[in-house]
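[1] Pasting the sequence and the predicted coordinates here, then a few questions.
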Amino acid sequence: MMNASLKNIPVKQQLILMICVISFISLLMASSAFVLYDRYAYKQHLVNEVTMLARVIASHSANAVAYNDVYEARTNLETLGIDASLVSACIKAEGGQLMSMYSRQHYQPIEDAGKPIPGVVCLADQNFISRFDGEYLDLIQPVLWEETQKIGQLHLRISMDELNRRFTAFTVVMLLIVLMVSMVSIALSSKIQAFISAPLLMLAQTANTINRFKDYSLRARTDRQDELGQLVQAFNGMLDTIELQNRALLHANEHLEDEVQSRTSELRATNRELEAFTYSVSHDLRSPLRSVDGFSAALLEDCGDKLDPAGRDYIARIRAASQRMGNLIDSLLHLSRVSRQDMKHASVDLAELADEIVEGLCSSHPGMHVEYIAPESIIAHGDRDLLRIVLENLLGNAWKYTAKTEKPRIELSAYDRAGETVYCVRDNGAGFDMKYVDKLFGPFQRLHRDQEFEGLGIGLATVARIIHRHGGEIWAEAQLDKGAAFYFTLQPSNTN
């Protein structure tokens, strides 16, 4: 969220903010380290001072402890009153006997010397040397007789109030310094950032002006040789390229209309030539084929009794080949017409068309009983005549390739795929090997021999062209002897 907010503010403000944040964090870290070090050093100094004081008091109290003189011990402790940070003190003999106790906040009459003062802590019988415990420094100093024999211990408790006041004052001073330096950083960074942001702002203004007025002759100016200067130079180089391309595009647009008209005329001429060629193929090839077929039939009728069985078989093969050639010519002409036929888009009920086609297939093959499954209605958008050709080929193929299946079944369905309708014709017939699927929709490509299933290999090529003219796609899935499924989509917005 913060990164997104930073991206929306001007570069110069980002630079100022960056400089200020870095300065503030750096100063804050340095100040914190300095304050913490000062606190640590003060503690060490305090321990050293209190240790020296404790040694003096312990030395002066050695005779009092040795001779069990509680009054002298009391007098020695009272001399500690000159130190304002001292909270309490006590001396215990080596056996644990309390010799004397002193408290700044609790007065003890002289006659009670050697007795404990209520509420005052005495740690003279413990073994540590010095330790900081919350708001106090506790220090233990042994009382030595003739500097060799330990005869007791002295405990001093020092208040840390002075340290805390020093720490608070020092922290406030350092924060004030950080704030003052941050303000100076803001003032200086507002001046310094212009040195960096000015070329960027100029570059942005130039880009906005070019985008607004589409004037690619404008250039950004700079006298710098650093990375910002290189950026400006690269930007100007890009503008040079765009200007050249724009001029070339304008020149091409000026001649585009003439080029389109020229290509349109060429396309029309090509279409006329193609139609003439189609007519020529239809007329010039059909006549010889009809002659071959006719004379072969006449030869078989008039001279059949003079031919042996092999001769009659040869003539029958000639007739079959000529008739197959005629069918191929018809299929090619049909495929050519499908590719050029004008399209009229409308709502089409594919289920209704399929019912009519299946009814015709049942009439043509009365001995074949096929289980046909389809919903009551499948609405699609496209050219009705062309979509009928699609279903005739797909259902006809399904009918043909289930002829040798024990219980043939054909299904027409539709389903949604990511907001797009997919139509499917599925059967449980012969199927095919998926490694040959790339050949499936090419003209004259067949995956079965004529002895198994007759055909010319034009139907699926015709279907593919019609689907592509509708802006859709077609694909198939199959397994040998387990049937095949053909899927296709339609996009009515693409009309040709």
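    Thanks, I have it.
[2] Helices along this structure, start to end?
    For the chain, the helices defined by DSSP state H occupy 2-7, 11-60, 62-66, 70-78, 161-213, 227-280, 286-303, 309-340, 350-364, 384-401, 459-469.
[3] orientation of the fifth one relative to helix 227-280 in degrees?
    Interaxial angle of helix 161-213 relative to helix 227-280 (axes from the mean of the first three to the mean of the last three CA atoms, to 10 degrees): 40 degrees.
[4] For I91, list the residues it contacts.
    61, 64-65, 73, 76-77, 98-101, 124, 143, 152-155 (CB atoms under 8 Å, 6 or more residues apart in numbering). All C-beta spots, glycine's among them, are computed from the backbone N, C-alpha and C.
[5] Domain map for this protein?
    Following automatic domain parsing, one finds the domains of the chain at 11-166, 216-340, 343-488.
[6] now the last one, how far from the centre of its chain.
    Per CA atoms, centre = their mean, to the nearest Å, the displacement of domain 343-488 from the mean C-alpha position of its chain is 40 Å.
[7] quick one on the thing from earlier: rebuild the helices of the chain as CSV, extending it with mean neighbour count.
    Putting the helices of the chain into CSV (neighbours: other CB atoms under 10 Å) gives the following:
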stretch, mean neighbour count
helix 2-7, 8
helix 11-60, 15
helix 62-66, 19
helix 70-78, 20
helix 161-213, 14
helix 227-280, 12
helix 286-303, 13
helix 309-340, 14
helix 350-364, 16
helix 384-401, 21
helix 459-469, 21
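[8] okay if I get these as a markdown table plus mean pLDDT?
    Converted to a markdown table, these look like this (pLDDT from 0 to 100):
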| stretch | mean pLDDT |
| --- | --- |
| helix 2-7 | 54 |
| helix 11-60 | 82 |
| helix 62-66 | 88 |
| helix 70-78 | 85 |
| helix 161-213 | 76 |
| helix 227-280 | 72 |
| helix 286-303 | 70 |
| helix 309-340 | 67 |
| helix 350-364 | 90 |
| helix 384-401 | 88 |
| helix 459-469 | 85 |
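[9] So for G431, which of those helices sits nearest?
    G431 lies closest, by CB to CB, to one member of these: helix 384-401, at 7.6 Å.
[10] The closest one versus helix 459-469: what angle between them?
    Counting by the same axes, to 10 degrees, helix 384-401 points 150 degrees away from the direction of helix 459-469.
[11] which helices and strands does helix 384-401 pack with?
    Other helices and strands packing on helix 384-401, by 3 or more CB pairs under 8 Å, 6 or more residues apart in numbering; DSSP states H and E, are strand 345-349, helix 350-364, strand 409-417, strand 420-427, helix 459-469, strand 484-488.
[12] Now tell me what touches it from outside.
    338, 341, 343-344, 346, 348, 350, 353-354, 357-358, 361, 365, 368, 370, 380, 408, 410, 412, 425-427, 429-431, 448, 453-455, 459-460, 462-463, 466-467, 469-470, 484, 486, 488.
[13] quick check: angle from that helix to helix 350-364?
    Using the same axes, to 10 degrees: helix 384-401 against helix 350-364 is 50 degrees.
[14] Quick one: end-to-end length of stretch 64-75, please.
    One end of stretch 64-75 to the other measures 10 Å (CA to CA, to the nearest Å).
[15] right, I mislabeled it, should have said stretch 400-410
    End-to-end span of stretch 400-410 (CA to CA): 11 Å.
[16] Over to stretch 469-477?
    Stretch 469-477 has an end-to-end distance of 22 Å (CA to CA).
[17] Buried ones in that stretch, by neighbour count?
    Under the neighbour-count criterion of 16 or more other CB atoms under 10 Å, stretch 469-477 has 469-470, 472, 474, 476 buried.
[18] Out of the residues you listed, which is nearest to L188?
    For these, the nearest to L188 is G472 (67.0 Å; CB to CB).
[19] With adjacent residues omitted, what lies nearest to the closest one?
    Closest residue to G472 apart from its sequence neighbours, by CB to CB, 6 or more residues apart in numbering: T489 at 4.0 Å.
[20] got a list of what the one you found touches?
    T489 is in contact with 420-423, 467, 472-474, counting by CB under 8 Å, 6+ apart.
[21] Take those and lay them out in TSV including distance to F170.
    What follows is these, written out as TSV (distance: CB to CB, whole Å):
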residue	distance to F170
E420	73
T421	78
V422	78
Y423	83
I467	84
G472	80
E473	78
I474	83
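[22] Export the helices of the chain as CSV, with columns for distance to A89.
    Listed next are those as CSV, based on distance: least, CB to CB, whole Å:
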stretch, distance to A89
helix 2-7, 56
helix 11-60, 8
helix 62-66, 13
helix 70-78, 5
helix 161-213, 17
helix 227-280, 70
helix 286-303, 133
helix 309-340, 114
helix 350-364, 107
helix 384-401, 109
helix 459-469, 105
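[23] Nearest to T148, out of the ones you listed?
    Set against T148 and scored by CB to CB, these come closest in helix 62-66, at 11.0 Å.
[24] do you know how far the residue lying farthest from the centre of the chain is from W145?
    Distance from the C-alpha centroid of the chain, by CA atoms, centre = their mean, peaks at Y67 (87.3 Å). With distances taken as CB to CB, to the nearest Å, Y67 is found 10 Å from W145.
[25] just checking, V65 touches E72?
    No: counting by CB atoms under 8 Å, V65 stays clear of E72, with 9.2 Å between them.
[26] any idea how far G431 is from F486?
    From G431 across to F486, the span is 12 Å (CB to CB).
[27] The two: which is more packed in?
    Comparing G431 with F486 by other CB atoms under 10 Å, the one with more neighbours is F486, at 24 against 19.
[28] Report the beta-bridge partners for that one.
    V425, A476 (DSSP bridges).
[29] residue contacts, it?
    394, 424-426, 463, 474-476.
[30] make it 6 Å
    Applying CB atoms under 6 Å, 6 or more residues apart in numbering to F486 gives the contacts 394, 425, 476.
[31] wait, which of the residues you listed is closest to L176?
    Minimum distance to L176 across those is 81.8 Å, recorded for A476 (CB to CB).
[32] got a pLDDT number for the closest one?
    For A476, the model assigns a pLDDT of 90.
[33] Repeat that for A374.
    Looking at A374, its pLDDT reads 93.
[34] and it, how far is that from E411?
    A374 sits 7 Å away from E411, going by CB to CB.
[35] Ok, P288 next?
    P288 is 45 Å from E411, where distance means CB to CB.
[36] quick revisit: redo the domains of the chain as JSON lines? Include distance to L203.
    Below are these laid out as JSON lines (distance: least, CB to CB, whole Å):
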{"stretch": "domain 11-166", "distance to L203": "10"}
{"stretch": "domain 216-340", "distance to L203": "5"}
{"stretch": "domain 343-488", "distance to L203": "43"}
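[37] between these, which one is nearest to T209?
    Taking CB to CB, domain 216-340 is the member of the domains of the chain nearest to T209, at 6.1 Å.
[38] these two touch, right, A351 and A374?
    Yes: A351 is within contact range of A374, at 5.2 Å (criterion: CB atoms under 6 Å).
[39] T402: neighbour count?
    22.
[40] how much space between it and L250?
    T402 is 62 Å from L250, where distance means CB to CB.
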